Every structure is written in C-alpha cells, then in structure tokens.
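A.B. asks: kindly generate the corresponding structure for this input.
(3 chains)
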Amino acid sequence: MKEVNRDILQKAIDQLPEFDPEPWLWHKIEVFLDFDQKISQASQALPEFEPEENQWNKIDLKLGVGNRKIIPLKRLATYSLAAAASLLIIFITIKHFSPAGKEHITISYSTEIKTLINNLPSAAKTELDSENFIKLCCSRNPDRCESPEISSLKYELENLNHQYSLLNSVAEQYGNDENILKAYTKIETARSRVIRELVSKLKS
Amino acid sequence: MNPATNINNDDELILRCIRQDRVAQQELYEKYKRALYTRAFRMINNKEYAHDVLQESFIEIFHDLKNYRGDSGLFSWMKTIVYRKSLLHIKVENRFKEYESERYDDEIAWRDDLTAEYLDKAIKNLPDGYRAVFILAEVDGYRHKEIAELMGIAEGTSKSQLYQAKKQLQKILHELKP
Amino acid sequence: MNMTCLHIRTSIVCLVICYIIPVLASGQSIIQVVTKTIDKDLPCGTYGSLRITGEKSEIEIHGWDKKNMHIKVQLISENKDRKSAEEELEYLHFSLNNEPNLVELSNTFIFPNWHTNIHGNLKTRYEVWVPRQYIISILNKFGFIKLYDLETRTTIDAEYSNISVNNYKGYLSVKSSYSDLKGDNIHSELECNADHADINLLTNGGKYHIEDKYGKINLKANEVFDLVNIRATWTPITIITNGMDRYNFDISNSYSDISLPDHKFDSYIKRFMNHTIFRLKAEKKPEISIVTSYENIDIK
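C.D. replies: Alright, predicted model coming up:
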C-alpha cells in the first residue's frame, strides 16, 4: 500500500488532543481500593483455634508408630536423593513429551430407552391439499399471485420446502435426534403459518 | 502523547503501590490518567464508558502490580489493560471475514492541509472496528500481530482492516472539508 | 405354598410384560450409546479468544474467575447395535488448536468412500469453562448453544441451533437462521440478524439492534433500555417497558396494528392507507424505534 504525505498524517497524529477524566473518578477508584483493603485486613484478623491437647496422640496412633524401623540418617539421605533425582527425571520427561495441560480420554458405554427416528414425518394431507389449492388459484389468476404480499409468501413457502429437504439430507447423513426434530417442528410450524396466510389471502 | 517515564521514579512508585500506599497509588493515577483516559475515550467514543473503563483498569492495575514483571514498560502494560477493556465496549465488524487478497493497490494520499482537529473528528466518525485498528496501529504503533491478539482476529484481517480504515478516513475527511 | 409360588411367578411375568409391551408399543428401542470423552485443562490468562466451529453440536460455555480453561468434549454415537455405534463413532472427528491467546475447537464428519447413510445418531457435546472476559466466537449447525456468566464480546453464527444466554454483560453479535434466542439477566449491546427466530430477552438495560423475519420478538426491561431498534417483517413484536414515560417512541407498522397500554397515547397514533405510526418524542430519553409489517406490535 503506497501512502503519500505520510509525514503529514504523523504530524496530525502527534498533535491529536488529549482529554482528562472527571475529577471525581479517583474517589470512585479509592472507594474500591478501600473496600478491597478492608476485606483483606478482615481475613487476616480471622480468629485462630488450638487443637485438643491429645490430638497428636490420636494421629500418632493411626500412623502405627509401634514397630517402625529406624533407618540410619546417612542411608536415608542417599535414598531421598535418589528418589528426588528419579522424580525430577520423570517430571522433565512428562513435561517435555506431554502437550500443555492435562488431558484425559475415556470411552464409556451406556444404554438409553428412546425413539430412534428413521425418517422425518412428511407433510399432512390437509397441508398438501392447501398447497394444491394455492397452485390452482395462481394458475387461474396469475395477476393476483404477483402482488407483493402473496409473492413474498410464495417465495417463503418455496424456501421452507427447500429447508425441509436440507434437513432430510442432514438426518440421513449424520442421524436424527431431538435437535433435528426441533428443527423439523420449526419448519413445519412456519410452513403451516405461511400456507394459512396464503389460503386466507387467496380466498378473500 | 506518552507521559515522560523516569524509570527510577516508577520503580519506587510501583513498590509503594504494591504496599497499598494510597498516596503512591493516587500519584500513579494522576501521572497516567490523561494518557490512559484519552486512549479509552478515543477507542470507545463515549465518555461514560470511557470513565468506567478507566476505573476498572486502574483497579486491575493496582491489583496486578505485584505480578508486573517489567519486561514491557509500565505505561505499555497499563495501556494494554485499558485497550483490552475498551475493546469489550465496541463491536468489530467482520471479525472472521478472511481477507481475500494481499493486494492493496489503491494509493492512500493524505491531504496537505490535514490537521489534528480534522483527523480527530474523522476518527470519531469511523465505524468501531476500523477505529480500533487505526488507533492501535497508527496512533499507538502496535504491530499487527499484537493487534490480532488484542482483538481476537487474524493478523491478515488486521492488515486489511487498517487499509479499509484509511480509505474510509479519506472519504470522511473529504466530507468534512471538501 | 404351591399356590403362593405360582402367584409370585405370575406377578413377576406380568410386571416384565407390563414393562416391555409399552416400550415396544410406543416405538421406543433400547439404544446403545458409545461416548468418547476428552477432558482437558489449559492454563491461560484473563484475556484471550475461544472459537468453536461445530456441526450437530451441543455447546455450553460457562464463565468463571479462574485463570485457566477447562474443556470437556464428548463425541457420542447412538445405535441399536453397540458394534455399529462403535464403528460410526470413528466418523466423528474433533480437533483442538491451542495458540497463544486463541483456542480453537471444532468437529467434523469424515466418512469412508464405501459409507452409506448411518442408521443411528452422531453428535458432539462441548462444555467449556473460560475466564469471564474471554472473547467467544461460535459457529454451529443443528444443535444448541448456551452461554452462562460471561462479561465479554461474543459472536454467534447459528443455524437450527437455539441460543440461550444467561447472566451476560458486554457485546453480543448474533446471526441466526431458524435458531431461537433466549436471554435472561442480560445487559448488553446486541446486534441480531435473524430469520425464523423467536427472540425472548429479559434485560437489565443495554442496546438492542434486531432484525428478524418470520419470527417473534419479545423484549422485557427490568431496567431501562438504552436503545431498542427493530426492523422486522412477518414478526409479531411485544415490548414490555418499565414505564412508557421513560422512552421516546418512533414506531411504524404496515398492514397491521400497534397496541398501546393506555388510551391516553391514542392521540399520538396516526393511520393512513395501510400504515400505522406512533411517535412520541421528548428530549434526552432513550429511543424505541420499530419498523415492521404484517404482524402486530404490542407495547406494554
């Protein structure tokens, strides 16, 4: 992109006006900061509680102190160092070869009782009769059907019929479920409405 | 446009702000409020929202100052926070419209009599998305990669939006001053 | 004793028959469902973008205050026969692209050359938890989209995919085709371009630019709207204001009527030919502007 007088633009940009916020804005910020500070102070001043006197004995008992083997300190240090080194190696390996973030993949099986819909229902007989009536009216009186109102409704009906075919092919390819059925119901409701409007306007 | 930053002063100011020194916090606010508010207001084109953005930004700044690592300048860091919050208030046209061509054949010619006053008026009349890209790229010097990250768009989209913004600015400037 | 055993056996057989017959008679079947679940945690900052491109997908996005993202994706295959369900699951593919500040999720169907139509059902379910201010972009067909607790900028392109938005603040752009939009507790700037969509919004202020045809629009204000701008056709519209005196009105309807809550506004209605116009303007009030045709407007 070639720009002419780029320096003039830059000069104008450098001289663009600046604006100040209203004077009261700092006070609003201060109120928030004071509130945050109070919460922080209150949480630090929360009371502390002492455990019961014999609590350690209960814990100790559960740890099974009785027959512990005493490991010499030097050997303990060697074991600890070896364990830490192994963990470090494992950690680096996992970090290096794993993608960011933990990922778990599972496959599960379950059964449900539901209706598997193989095909979408086709149009009701009354609707088919109405569509035939519309075609007949328009063939007998084409001028009437060219009016903006009626032609927009007819166009809409064609569009809805096309949507129905599209829905059928999606259902065949990827399967039927409650979302597809909802989509079908929407189209059918829209079709009924449009057909009703058309019939009423053609009859009047 | 950028407030003078004395590194040593800012470091000390940051430390005092982290310690919740209210005087220091107000000092930081007073030092940068004009530059940051100007950016918010120019981006959003609405005073009320710009005040909201500045308020929210400073609260976040004071909250996150302890995490500020100093790899970008302090003002740069604060500016990014303000722009992120400002962008929530505006719409971006064609966010996912992939630009079709890298060819920008039409020449952009800025008028000899272009002044800051007319440029300011013209920027205000730009659609939100164009205005955002123009301000970030031309007024603040963000690279397209940075703009793409800020606005959640592709880098190519940022380039094409900037080109369109400049074309649109030319039209508006001509209408304002034929 | 023998009679008691006989009675017990007979009762059990009757119970089993009473269970099976209704199932069979209702046309229902026992369906095998095979689900592959991918659970992933991604560290991220407060700001960034999430983009989901789905087909036959059910998408739920929840905002939260943590600085990480949790993604749960379920690829689901349903069939009467388990083996077929497992085979058909292989046709459903999912991809996750994780770049700095941008996470992209998508699903597609890839069928082998010899494949005939499937006899069961395939779908994908996304549940994602993101930082509240993450920028969201969703494209989906044949499913649904639900958003909860977000304060951000969202773009939705939905086809036969109903949308539900709860507790939302920020900018929302919706392109909807045969996808209803329902909003609860929202304060947003909404730009909606819809067809065959029923739009029901319970709002706490905000600006609403809506275009719709062959749908329905129902807007209710808990707080005052900042702006309502509707362009529609063949779409009945109901606006429940929080007091008529809080707004300016510029409403016109062709080939249908405008209903107002009180006869005192009748003098502001003008009717000529097939058009009805209601204009009520005063200084510095938010505006409700509607242009529509063929269906009623009801202002309450």
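A.B. asks: and stretch C:85-92, what's its mean pLDDT?
C.D. replies: Stretch C:85-92 shows a mean pLDDT of 90.
A.B. asks: repeat that for stretch B:144-164.
C.D. replies: Here stretch B:144-164 scores 88 as its mean pLDDT.
A.B. asks: that stretch close to chain A?
C.D. replies: Yes: using CB under 8 Å from any CB of the partner chain, stretch B:144-164 comes into contact with chain A via B:Tyr163. For every residue, glycine as well, the C-beta is placed using N, CA and C.
A.B. asks: and that stretch, which residues are buried?
C.D. replies: Within stretch B:144-164, the residues scored as buried using 16 or more other CB atoms under 10 Å in any protein chain shown are B:144, B:146-154, B:157-164.
A.B. asks: so how far is the first residue of it from its last?
C.D. replies: Here the two ends of stretch B:144-164 are set 14 Å apart, with distance taken as CA to CA, to the nearest Å.
A.B. asks: and A:Tyr79, how many neighbours?
C.D. replies: 11 (other CB atoms under 10 Å in any protein chain shown).
A.B. asks: could you say which helix or strand holds C:Gln32?
C.D. replies: strand C:29-43 (DSSP states H and E).
A.B. asks: oh sorry, the question was meant for C:Ile210
C.D. replies: Take DSSP H and E as the rule and C:Ile210 turns out to sit in strand C:198-213.
A.B. asks: now find how far off-centre that strand is within its chain.
C.D. replies: Counting by CA atoms, centre = their mean, to the nearest Å, strand C:198-213 is centred 13 Å from the centre of its parent chain.
A.B. asks: pull the CA atoms of the helix or strand containing A:Lys11 into CSV?
C.D. replies: In this assignment (DSSP H and E), A:Lys11 forms part of helix A:6-14. Taking C-alpha atoms only, helix A:6-14 is exported to CSV below (Å, rounded to 0.1, in the frame of the first residue of the first chain):
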residue,chain,number,x,y,z
ARG,A,6,2.6,10.0,5.4
ASP,A,7,4.6,12.6,7.4
ILE,A,8,1.6,14.9,7.4
LEU,A,9,-0.6,12.2,8.9
GLN,A,10,2.1,11.5,11.5
LYS,A,11,2.3,15.2,12.4
ALA,A,12,-1.5,15.3,12.8
ILE,A,13,-1.5,12.2,15.0
ASP,A,14,1.2,13.6,17.2
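A.B. asks: and the helix or strand encompassing C:Asn162, how far out from the chain's middle?
C.D. replies: According to DSSP H and E, C:Asn162 maps onto strand C:135-177. Strand C:135-177 sits 7 Å away from the centroid of its parent chain (CA atoms, centre = their mean).
A.B. asks: the strand holding C:Gln32 near chain A anywhere?
C.D. replies: Yes: Strand C:29-43 comes into contact with chain A (CB under 8 Å from any CB), by way of C:29-43.
A.B. asks: can you name the residue of the stretch 201-300 of chain C nearest to chain B?
C.D. replies: Nearest residue of the stretch 201-300 of chain C to chain B, counting by CB to the nearest CB: C:His209, 9.8 Å away.
A.B. asks: nope, the stretch 51-200 of chain C is what I was after
C.D. replies: Closest point on the stretch 51-200 of chain C to chain B, by CB to the nearest CB, is C:Ile135, at 4.1 Å.
A.B. asks: neighbours around that residue, how many?
C.D. replies: By other CB under 10 Å, the residues close to C:Ile135 number 28.
A.B. asks: what residues are up against it?
C.D. replies: Contact partners of C:Ile135, counting by CB atoms under 8 Å, 6 or more residues apart in numbering or on different chains, are B:Gly152, C:Tyr47, C:Gly48, C:Ser49, C:Leu50, C:Thr152, C:Arg153, C:Thr154.
A.B. asks: would you mind listing what in chain A touches chain C?
C.D. replies: So far as CB under 8 Å from any CB goes, chain A lies against chain C at A:99-116, A:118, A:149, A:156, A:163, A:167, A:170, A:172-177, A:179-180, A:182-183, A:186-187, A:190, A:193-194.
A.B. asks: now intersect those residues with the helices, please.
C.D. replies: Among those, the members found in helices (DSSP state H) are A:149, A:156, A:163, A:167, A:170, A:172-174, A:179-180, A:182-183, A:186-187, A:190, A:193-194.
A.B. asks: list buried residues within the residues you listed.
C.D. replies: A:156, A:163, A:167, A:170, A:172, A:174, A:179-180, A:182-183, A:186-187, A:190, A:194.
A.B. asks: near chain B at all, stretch C:179-187?
C.D. replies: No: judged by CB under 8 Å from any CB, stretch C:179-187 stays clear of chain B, getting no closer than 12.2 Å.
A.B. asks: just list whatever residues bridge to the closest residue to chain C within chain A.
C.D. replies: With CB to the nearest CB as the measure, A:Gly175 is the residue of chain A nearest to chain C, at 3.3 Å. When bridges are called by DSSP bridges, A:Gly175 pairs up with C:Asn121.
A.B. asks: which residues of chain A score low on pLDDT?
C.D. replies: For chain A, the stretches with pLDDT under 70 are A:1, A:38-53, A:55, A:58, A:60-74, A:84-102, A:115-127.
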